[in-house]
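Student: Model the structure of this input:
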Amino acid sequence: MQVIPAVDVYRGEVVRLLRGDYDQVTVYGDDPVAMARSWVERGADLVHVVDLEGARSGTPDHTLWERLGEAGVPFQVGGGIRTADLARQAVDAGAERVVLGSAAVWEPEVLEDLVGTLGAGRVVAALDVRGDRATGAGWTDRGRSLDEVVAGVVGAGCRWVLATGISRDGTLEGPDVGLVERLLEAAPDLRVIGSGGVGTLEDLRALAAAGAAAVVVGRALYDEEFTLSEALAFLR
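Tutor: Purely as a prediction, here's the structure:
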């Protein structure tokens, strides 16, 4: 299982939100590109970058993508990428994968377009789940039925899904393993990236056992609950 460090960016700083709440922000640094590069230097082969302001406004910061690309950081990026044109711009700037949440919930035809032009390996549908609903707009809208959204994502030809249990995000209380299992039961061919709540190395084992292909880890790494090298060694 691949371990992907998270770099969430808000007002130019590296942060973590608690349960997706923009009023509960912890700041971990003031240079997102340097932080992303440091994770690569410590062994990451991909970094998960989220533009939190873009996620709310729908207007992502193109310069962030460009700076990451110029720095040679292998990254997947999300936050405000709601159209096929924006997704292509992110890839042109250097993103290895683009992550779309609002489109996955409300406009799966955008995903289908991107899968057709970029390939299924470069498009990630973000399923940010609260209760039984997948949300968009930076986790601020009411969302749609998770089952309906999954059907749309699969119908669009998506292979990668980023599954986040919002109620656990940033808590270190453990990931929503059941969400990963539910997605794979509905669509066994999906490659699921678990996200939200990871706090221990055993949490990584639980996600791997559930069938996750990868995991995004944020606060646990920043708060030094374990190191990236420990996580990589634990999963070998």
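
Student: which regions of the chain lie under the pLDDT threshold?
Tutor: Low-confidence segments of the chain (pLDDT under 70): 137-140.

Student: which residues of it fall in strands?
Tutor: Per DSSP state E, the chain carries strands over the ranges 2-10, 13-18, 21-29, 47-51, 75-78, 97-100, 123-130, 133-135, 144-145, 160-165, 191-195, 214-217.

Student: Any chance of those strands in JSON lines with distance to A233 and mean neighbour count as columns?
Tutor: Glycine gets a C-beta too; all of them are placed from N, C-alpha and C. As requested, the strands of the chain are arranged in JSON lines below (distance: least, CB to CB, whole Å; neighbours: other CB atoms under 10 Å):
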{"stretch": "strand 2-10", "distance to A233": "10", "mean neighbour count": "23"}
{"stretch": "strand 13-18", "distance to A233": "24", "mean neighbour count": "19"}
{"stretch": "strand 21-29", "distance to A233": "23", "mean neighbour count": "13"}
{"stretch": "strand 47-51", "distance to A233": "19", "mean neighbour count": "26"}
{"stretch": "strand 75-78", "distance to A233": "23", "mean neighbour count": "26"}
{"stretch": "strand 97-100", "distance to A233": "25", "mean neighbour count": "25"}
{"stretch": "strand 123-130", "distance to A233": "26", "mean neighbour count": "26"}
{"stretch": "strand 133-135", "distance to A233": "34", "mean neighbour count": "24"}
{"stretch": "strand 144-145", "distance to A233": "40", "mean neighbour count": "14"}
{"stretch": "strand 160-165", "distance to A233": "24", "mean neighbour count": "25"}
{"stretch": "strand 191-195", "distance to A233": "19", "mean neighbour count": "26"}
{"stretch": "strand 214-217", "distance to A233": "14", "mean neighbour count": "24"}
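
Student: residue contacts, the spatially most central residue of the chain?
Tutor: Centroid-nearest residue in the chain, with CA atoms, centre = their mean: L162, separated by 5.4 Å. Contact analysis of L162 by CB atoms under 8 Å, 6 or more residues apart in numbering lists 78, 99, 124-127, 193, 195, 216.

Student: One more: A214?
Tutor: Shown in contact with A214 (CB under 8 Å, 6+ apart): 1-4, 191-194.

Student: Could you do V49 as well?
Tutor: Going by CB under 8 Å, 6+ apart, V49 touches 6-9, 32, 36, 64, 68, 75-79.

Student: Also L114?
Tutor: L114 sits next to 84, 87-88, 98, 100, 122-123 when contact means CB under 8 Å, 6+ apart.

Student: One more pass at 7 Å, please.
Tutor: 84, 87, 123 (CB atoms under 7 Å, 6 or more residues apart in numbering).

Student: could the residues you listed go into a markdown table alongside distance to L228?
Tutor: Listed next are the contacts of L114 as a markdown table, based on distance: CB to CB, whole Å:
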| residue | distance to L228 |
| --- | --- |
| A84 | 33 |
| A87 | 28 |
| V123 | 26 |
